[in-house]
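[1] here is my input; please provide its structure:
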Amino acid sequence: MAVMTSRFADGLAVGTDLVEAAEAAIRQALAGLSGSPDLVCFFICGEEPDDVSRAGLRAMAMVPGAHVIGCSATGVIGDAQGVELTPSVSAWAASLGGARISTFALETLRADDRFVVIGLPERAHDDQVAILLADPYSFPTDAFIEHSDEVLGSLPIVGGLANGMQGRGSVRLFADGEVHEGGAIGALIGGPVQVAAVVSQGCRPIGPSMVVTQADENVLLELAGQPALARLEDIVSALDEDDRELVASGLQIGVAMDEYAERHERGDFLIRGVIGIDPEREAIAIGDVIEIGRTVRFQVRDAETAGEDLYELLDSHLERAGPVDGALLFTCNGRGSAMFGSADHDALAVRETLGRIGVAGFFAAGEVGPVGGHNHVHGFTASLLIFSSGAAPVAGG
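    The predicted structure follows:
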């Protein structure tokens, strides 16, 4: 039987012998590729960290001429499927032509009262994107990402926080033949390659947009001149029963990315969680620090909204950028079967909208991607790095 080949291909193998699964996933990805791979990414879900390490070493050894990165995870994505909490390996191979690829490994050093990240490669003027895979237990991903523009400028960063089936200490990261038990690894891609980042936060606004008029660090004290909690209570009281249940199960808040927009609708916000209330101060605590004067709007998230958002963003990208060749998908481990009832949801959404392209990724403990032109770490999000035909670069955002 003839094998269809392209510039991007993926593979997926499930089985308790992780070395065997890694071999099968890599072989499957390479079989679908036209030409030699320039970049290979793989993701491993396994019970024992030592088994994950052996499988990763085997995967890297199978493609000696390519740049290779990978990580452990609690679930993997490939072959238009998601596999959660089951021994499995997914692989993705890309033939990027004249693109320039530099892999890197990051670690942190303590300097006085702060951490310094070392290991970043030198930037070039035509760098297009960085892929980042990080250990959430040992690497300060939030701080690194939020301050990335100070070192990397406007370079988009797309990726996810790795994990292991045994949590802290079981994360394994892989880069060009080496196994790392902490820090972060990734790849910098530059030159004539057309890439774009798509970040689906999957939320729907409720109530009006409001300006933060008083705040204390991550605690909102006043919204539009009134106690923040009173504002929230007014909004919730006007909702129907279904939306009230969504508020009770996990209220979110969106921070407007463009303060000068006439209206702020779905997709115009950076989503952060509401983590508590303070009845005495009539205040609301959220998962970020928001400055006075910023515009915010409360949000809810459910499977229907999250699905609609992902499909709409992918359709919009296709209309704007044209045919897609391949993609990497980093989706939250709180999505999949927990949100949609199926681990396949996000992988199938990509296939149904973008076509039968090479797509692989993993279920992350946090997703990295740009919103409003700035890189952020997200939760309950699907973050994609999409590769298209042609040589003209496309800005991520």
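[2] and residue 49, how many neighbours?
    Other residues near residue 49 number 18, with proximity taken as other Cβ atoms under 10 Å. In this view, the C-beta of every residue, glycine as well, is placed from N, C-alpha and C.
[3] send the alpha carbons of stretch 8-20 over as CSV?
    Backbone C-alpha positions of stretch 8-20 (Å, rounded to 0.1, in the frame of the first residue of the first chain) are rendered in CSV as follows:
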residue,chain,number,x,y,z
PHE,A,8,4.9,17.1,8.5
ALA,A,9,3.8,13.8,9.9
ASP,A,10,2.8,12.3,13.2
GLY,A,11,2.8,8.9,14.9
LEU,A,12,1.1,7.4,18.0
ALA,A,13,1.8,4.1,19.8
VAL,A,14,0.2,2.7,23.0
GLY,A,15,1.8,0.0,25.1
THR,A,16,3.5,-0.7,28.3
ASP,A,17,6.8,-1.3,26.7
LEU,A,18,7.7,2.4,26.2
VAL,A,19,10.9,1.8,24.2
GLU,A,20,8.9,-0.3,21.8
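[4] please, which helix or strand holds residue 370?
    According to DSSP states H and E, residue 370 maps onto strand 367-371.
[5] same check, this time on residue 338
    Taking DSSP H and E as the criterion, residue 338 maps to helix 336-340.
[6] the bottom helix or strand of this protein by mean pLDDT?
    Sorting the helices and strands of the chain by mean pLDDT, DSSP states H and E puts strand 114-118 at the bottom, at a mean of 84.
[7] which neighbouring elements make contact with the helix holding residue 338?
    Judged by 3 or more Cβ pairs under 8 Å, 6 or more residues apart in numbering; DSSP states H and E, helix 336-340 is in contact with strand 81-84, helix 303-321, helix 345-354.
[8] show me what counts as buried in it.
    Across helix 336-340, burial judged by 16 or more other Cβ atoms under 10 Å covers 336, 339-340.
[9] tell me which residues are up against that helix.
    Helix 336-340 is contacted from outside by 75, 82, 84, 303, 306-307, 342-343, 345-346, 363, 380, using Cβ atoms under 8 Å, 6 or more residues apart in numbering.
[10] likewise for stretch 343-355?
    75, 77-78, 80-84, 307, 310-311, 314-315, 318, 323-324, 327, 329, 331, 335-337, 339, 357, 359, 363, 382, 384, 386.
[11] any quick ChimeraX command for the buried ones out of the residues you listed?
    Here is the ChimeraX command that selects the buried residues among the contacts of stretch 343-355 (16+ other Cβ under 10 Å):
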select :75,77,78,80,81,82,83,84,307,310,314,318,324,327,329,331,335,336,339,357,359,363,382,384,386
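[12] sec struct for the residue sitting furthest away from the middle of the chain, please.
    Here the chain reaches farthest from its C-alpha mean at residue 280, the gap being 37.0 Å by Cα atoms, centre = their mean. Counting by DSSP: H, G, I helix; E, B strand; the rest coil, the backbone at residue 280 sits in coil.
[13] so where do the helices sit in the chain?
    Using DSSP state H, the helices of the chain run over 18-31, 49-61, 141-146, 149-152, 228-237, 241-250, 303-321, 336-340, 345-354.
[14] buried stuff in the last one?
    Translated: helix 345-354. For helix 345-354, a neighbour-count test (16+ other Cβ under 10 Å) marks 345-347, 349-351, 353-354 as buried.
[15] re the thing from before, so what are the sheet partners of the strand holding residue 370 and their directions?
    Here strand 367-371 is paired, per DSSP bridges, with strand 157-161 (antiparallel), strand 374-378 (antiparallel).
[16] contacting residues around stretch 110-118?
    With contact meaning Cβ under 8 Å, 6+ apart, stretch 110-118 is reached by 106-109, 140, 143-144.
[17] that stretch: which residues count as buried?
    Residues of stretch 110-118 classed as buried by neighbour count (16+ other Cβ under 10 Å): residue 117.
[18] distance between the ends of that stretch?
    Using Cα to Cα, to the nearest Å, one end of stretch 110-118 lies 11 Å from the other.
[19] just how off-centre is stretch 39-56 within its chain?
    19 Å (Cα atoms, centre = their mean, to the nearest Å).
[20] just the CA trace of that stretch, in PDB.
    Only the C-alpha atoms of stretch 39-56 are listed here, as PDB (Å, rounded to 0.1, in the frame of the first residue of the first chain):
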ATOM      1  CA  LEU A  39      12.900  18.700  13.600                       C
ATOM      2  CA  VAL A  40      11.400  15.800  15.600                       C
ATOM      3  CA  CYS A  41       9.200  16.300  18.700                       C
ATOM      4  CA  PHE A  42       8.000  13.400  20.900                       C
ATOM      5  CA  PHE A  43       5.900  13.100  24.100                       C
ATOM      6  CA  ILE A  44       5.900  10.100  26.500                       C
ATOM      7  CA  CYS A  45       3.300   9.000  29.100                       C
ATOM      8  CA  GLY A  46       4.700   6.300  31.400                       C
ATOM      9  CA  GLU A  47       4.500   5.200  35.000                       C
ATOM     10  CA  GLU A  48       8.200   4.900  35.800                       C
ATOM     11  CA  PRO A  49      10.500   7.800  35.100                       C
ATOM     12  CA  ASP A  50      13.400   5.500  34.300                       C
ATOM     13  CA  ASP A  51      11.300   3.800  31.600                       C
ATOM     14  CA  VAL A  52      10.400   7.200  30.200                       C
ATOM     15  CA  SER A  53      14.100   8.100  30.000                       C
ATOM     16  CA  ARG A  54      15.000   4.900  28.200                       C
ATOM     17  CA  ALA A  55      12.200   5.500  25.700                       C
ATOM     18  CA  GLY A  56      13.300   9.100  25.100                       C
END
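[21] pretty sure residue 381 sits against residue 369.
    Yes: Residue 381 is within contact range of residue 369, at 7.2 Å (criterion: Cβ atoms under 8 Å).
[22] now do the shared contacts for those two.
    residue 199.
[23] what pairs with the longest strand along the chain, parallel or antiparallel?
    Criterion DSSP state E: the longest strand present in the chain is strand 100-111. Looking at strand 100-111 with DSSP bridges, its partner strands are strand 114-118 (antiparallel), strand 184-190 (antiparallel).
[24] tell me which of those lies nearest to residue 22.
    Closest approach to residue 22 among these is made by strand 184-190 (17.2 Å; Cβ to Cβ).
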